[in-house]
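Undergrad: structure of the sequence below:
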Amino acid sequence: MKLPLQITWRNLDQSDAIEASIREHAEKLDQFCDHIMSCRVVVEVPHGHHHKGKLYHIGVDITVPGTEIVVKRDPAKHSAHEDIYVSIRDSFEAAKRQLQDYVRKQRGDVKTHAQYD
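TA: Sure, this is the predicted structure:
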């Protein structure tokens, strides 16, 4: 990555183990695209009372030439996101898929449909 990884913590204390996991996942994104200019990650525990454990929000915002890839997942739909490491994995998997789509479009591997007037 050309610019350093930025991690923002909301409503929870910074953790070296969680940060290491995020950095590991972010570094793997370079395998799919070497034009990543920045990567910002937000780790958040929303306020409120839940019947189950805490649900974690992991937002990933990747800047590449010409566009920005944003991943925001609703953990309320995924009970597995009570585990922060699962939430991190799923968010970065979604980011990886969007990044792969971006690279395919840049290479011209994606077919475009002709538009008729």
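
Undergrad: from here on, just use CA atoms for contacts and neighbour counts.
TA: OK.

Undergrad: check what contacts stretch 64-74 and list those residues.
TA: In this structure, residues lying in contact with stretch 64-74 by C-alpha atoms under 8 Å, 6 or more residues apart in numbering are 35-38, 57-63, 91, 94-95, 98-99.

Undergrad: grab the two from the residues you listed that are most spread out in space.
TA: Largest separation among the contacts of stretch 64-74 by C-alpha to C-alpha: 35 and 57, giving 26.1 Å.

Undergrad: so those two - more neighbours on which side?
TA: Using other C-alpha atoms under 10 Å as the criterion, residue 35 and residue 57 rank with residue 57 on top: 23 against 13.

Undergrad: bridged to residue 59, which residues?
TA: On the basis of DSSP bridges, residue 59 is bridged to residue 42, residue 72.

Undergrad: per-residue confidence at it?
TA: Note for residue 59: predicted pLDDT of 94.

Undergrad: among the contacts of stretch 64-74, the buried ones, what's the ChimeraX command?
TA: A single ChimeraX command selects the buried members of the contacts of stretch 64-74 (16 or more other C-alpha atoms under 10 Å):
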select :36,38,57,58,59,60,61,62,63,91,94,95,98,99
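
Undergrad: and of the contacts of stretch 64-74, the nearest to residue 5?
TA: Within the contacts of stretch 64-74, proximity to residue 5 (C-alpha to C-alpha) peaks at residue 38, which comes in at 6.6 Å.

Undergrad: circling back to that earlier point, so which of the contacts of stretch 64-74 are in helices?
TA: Using DSSP state H, the subset of those located in helices is 91, 94-95, 98-99.
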